[in-house]
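1. Pasting a predicted model and its sequence here:
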Amino acid sequence: MKLVILDRDGVINRDSATFIKNPNEWIPIPGSLEAIALLNQHGYRVAVATNQSGIARGYFDMAILNAIHDKMHKALAQVGGRIDAVFYCPHAADDHCDCRKPNTGMIEEIGQRFNVDLSKVPAVGDALRDLQAFAKAGCQPYLVRTGKGEETYQSAALPAGTLVVADLEAAVQLILAGDK
């Protein structure tokens, strides 16, 4: 099975320093939904791994998070795409959980659920914590320059082997080129 792991905010949809707190604030980055559909058309399953500390902070609840994800799933269906599973960490950084990126718990759970060797899995994020979690779990990290990506690229020492691309569309083209 072919699998790609994506961060959500800043990769699929526009990010916000004040959190995506309701479905109206979830706005796809141009080309991102079509890029996911292209992965699906080439036999890839897609999982999302997203930190959602807004839950722990009281900015939104599970019903709102589910409504945001419902909007994402419906928007993808309109372009012929799908996300097979959404994994999220509802904890704040000071909760010291294993699932919050840069920890690998959420990424390892995805590997177990899909029964895949993570060393063969491309993983796309826009923040250093995404890339760190992906690299520590053995995935091939991709940094998109959307969302926090440009800031991450300019200010952080990226994990070894990180591939830097403009956006999710460019990442998907590179992933698909590797299939040939």
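-> Noted; the coordinates are in hand. If you're wondering where the values come from, they're calculated on a predicted model, not measured in any experiment.
2. my guess is Val164 is in a strand, correct?
-> Yes. According to DSSP: H, G, I helix; E, B strand; the rest coil, the state of Val164 is that of a strand.
3. what about it, how many neighbours?
-> Counted by other CB atoms under 10 Å, the residues lying close to Val164 total 15. From N, CA and C alone the C-beta is placed, and that goes for glycine too.
4. Buried by neighbour count: which residues of the lengthiest helix in the chain qualify?
-> When the chain is scanned for its longest helix (criterion: DSSP state H), the result is helix 62-78. By 16 or more other CB atoms under 10 Å, the buried positions in helix 62-78 come out as 64-65, 67-69, 71-72, 75-76.
5. just curious, which of these is nearest to Asp95?
-> Leu65 (16.6 Å; CB to CB).
6. Who are the contact partners of the closest one?
-> By CB atoms under 8 Å, 6 or more residues apart in numbering, Leu65 lies in contact with 52, 55, 88, 90.
7. Please report how far it lies from Cys139.
-> According to CB to CB, to the nearest Å, Leu65 and Cys139 sit 24 Å apart.
8. Could you do Val116 as well?
-> 10 Å.
9. Compare the two (neighbour count), which wins?
-> Cys139 (28 against 17).
10. thought that one was touching Val124?
-> No. If you go by CB atoms under 8 Å, Cys139 and Val124 don't touch, sitting 9.5 Å apart.
11. Now list whatever residues contact both of the two.
-> Here Cys139 and Val124 have Ile5 as joint contacts, going by CB under 8 Å, 6+ apart.
12. element containing Glu160, please.
-> For the record, residue 160 is Ala, not Glu. Assigned by DSSP states H and E, Ala160 falls within no helix or strand.
13. mind checking the SS state of the closest residue to it other than its chain neighbours?
-> In space, Ala160 comes closest to Ala135 once its chain neighbours are excluded; the distance is 7.3 Å by CB to CB, 6 or more residues apart in numbering. Here Ala135 is recorded as helix under three-state DSSP.
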